[in-house]
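structure for this input, please:
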Amino acid sequence: MTTVAAPPEQEDPALASFRAEARAWLDVNAERRRPDANEFKRRFTATTVAPDEEKLHLERARSWQRKLYDAGFGGIAVPAEYGGRGESAAEQRVFQQEVARYEIDTGIFSVGLGMVVPTILAYGTEEQKKRFIPPLLSGDELWCQLFSEPGAGSDLAGLTTRAEHDGDEWVVNGQKVWNSFAHVADWGILITRTDWDVPKHRGITYFLVDMSTPGIEARPLRQITGVAHFNETFLTDVRIPHENVLGEVNGGWGVAQATLMSERVLIGGGGSGMGFRDYLELARHFGQTDDPVMRQRLAATYTRFQTMRWLGERARAATKAGKAPGPESSVLKLAISEHVYENGNLALAIEGPAGMLYKTDAYEDGFWQQQFLGQWGIRIGGGTEQVQRNILGERMLGLPSEPRPDKTDAFRDVPKNV
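Okay, the predicted model is just below:
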């Protein structure tokens, strides 16, 4: 979560005009969030979600995404020929700053908007771009990510889900895990093993898969927070048309890396409207603002929020310059992992003994306890801290990697974590 950045004093006139347009539309169509109690906090405190409540939440999110799309805010930086507005990443950034102040939740579409769209724009055929991007932007189709496996999480390239060519189709068998909203998704991005006789990074193919295809079963997984939006997904003789390959056959690792880089930027830059002011208000409520140690911790928290803001700006500036997200996205992901860790600890430290309470017994119905418990999903998703440090060490600092025969040997000869 990141703080909501204030617009610069000397903003470009075109961006200032767009900001005014966005703010005017939001003022008419949505309610402003309040730091004391808001719809975001009420949703986040949920420890269980009944099927009818989940369906209602999905319908609300679809309705909001459609409303944003119809108003021209559904795909601001997406070319107009694919259903977007055709503006730059700067306008997209401005809208994210503004919408974070309002009671609008389209987070269920974050995988599609933040990861699928950039990947299809970079690697998709013209037919794929025209088929998949417009209904995603409009909220008509919800997407999920089918990457991680029980034996291939941090070492994603060690995946063993198999895809075999059969005429004009591919037949897929395997298992995926930690798939957000796979049980309600319409489409998924899927990576599979298509060549076992080359090193593991070179035998992977990336697919776009219809989640209603026979043989796909998504089973929700209960998280530490009590909510089950993650899934384990089983694929049994799932047939995917060859036209749904994204990129080149056996070239899927490069496509997957583009998705993962976008995911790290998404996790690091996607804000919920939560910011330093919320922690300050929490400290005031519990009478902690005069404690010198707590004041130091609050000062460090403010510094982290500002650091996250500028790291996000740097990532967006690279996008604006036409650069694909690179290893620097790992800096952002590593920073957000540290951020949510420290924020979760701070919240419970502020509450003191009251931090042991839960659900409706706790302050704000246990919102801050859920913040603490939910940190691990953010820290693990998109690659753990250890993975990010390896990426930074090898790709940015030029440090030598450890000897890895699994990078050079045929994958079928490599010991597997199964």
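
please enumerate the strands of this protein.
143-146, 162-166, 169-177, 187-193, 204-210, 216-221, 230-241 (DSSP state E).

same list (those) but as a markdown table, adding distance to W25.
For the C-beta atoms, the positions are set from N, CA and C on the backbone; glycine is no exception. Compiled in a markdown table, the strands of the chain are given as follows (distance: least, CB to CB, whole Å):
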| stretch | distance to W25 |
| --- | --- |
| strand 143-146 | 26 |
| strand 162-166 | 44 |
| strand 169-177 | 38 |
| strand 187-193 | 29 |
| strand 204-210 | 32 |
| strand 216-221 | 35 |
| strand 230-241 | 34 |
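
out of those strands, flag the one nearest S63.
strand 143-146 (17.6 Å; CB to CB).

next up, the contacts around the nearest residue to G344 once chain neighbours are set aside.
Among residues not flanking G344 along the chain, F372 sits closest, at 3.8 Å (CB to CB, 6 or more residues apart in numbering). When contacts are counted by CB atoms under 8 Å, 6 or more residues apart in numbering, F372 touches G344, N345, A347, L348.

ok, these vs Q145, which is closest?
Out of the contacts of F372, the member with the shortest distance to Q145 (by CB to CB) is G344, at 24.3 Å.

I'd say that closest one and Q371 touch.
Yes: using CB atoms under 8 Å, G344 is in contact with Q371, at 5.6 Å.

show the pLDDT at the nearest residue to E87 once chain neighbours are set aside.
Nearest non-adjacent residue to E87, counting by CB to CB, 6+ apart: I76, 5.0 Å away. On pLDDT, I76 comes in at 95.

repeat that for N29.
Note on N29: pLDDT of 97.

one more: W376?
Model confidence at W376 (pLDDT) stands at 84.

distance of it relative to G254?
Per CB to CB, to the nearest Å, W376 is found 29 Å from G254.

burial count for V414?
Per other CB atoms under 10 Å, the neighbour tally for V414 reads 17.

one step back: tell me how far the residue nearest to E87 lies from T301.
31 Å.

which one of these two has more residues nearby?
The neighbour comparison of I76 against T301 (other CB under 10 Å) goes to I76, with 23 against 20.

could you verify my assumption that that one touches A90?
No: I76 is beyond contact range of A90, at 9.5 Å (criterion: CB under 8 Å).

out of the helices and strands in the chain, which is least certain?
helix 39-44 (a mean of 59; mean pLDDT, DSSP states H and E).

for the stretch 251-400 of the chain, just list every one of the helices.
According to DSSP state H, counting those that start in this stretch, the stretch 251-400 of the chain carries its helices in the segments 252-269, 276-285, 292-320, 328-351, 367-373, 375-380, 385-391.

just how off-centre is the third one within its chain?
Centre-to-centre, helix 292-320 and its host chain are 19 Å apart (CA atoms, centre = their mean, to the nearest Å).

repeat for the shortest one
For helix 375-380, the gap between its own C-alpha mean and the chain's C-alpha mean amounts to 11 Å (CA atoms, centre = their mean).

who are the packing partners of that helix?
On a contact count with 3 or more CB pairs under 8 Å, 6 or more residues apart in numbering; DSSP states H and E, helix 375-380 meets helix 328-351.

okay, M1: pLDDT?
At M1, pLDDT is 40.

my bad, L26
At L26, pLDDT is 97.

for it, what are its contacts?
Applying CB under 8 Å, 6+ apart, one finds that L26 lies in contact with E98, V99, R101, Y102, I104.

please report the distance of it from G84.
19 Å.

over to T303?
In terms of CB to CB, T303 sits 36 Å off from G84.

more neighbours: those two, which one.
Ranked by neighbour count (other CB under 10 Å), T303 and G84 place G84 first, with 21 against 11.
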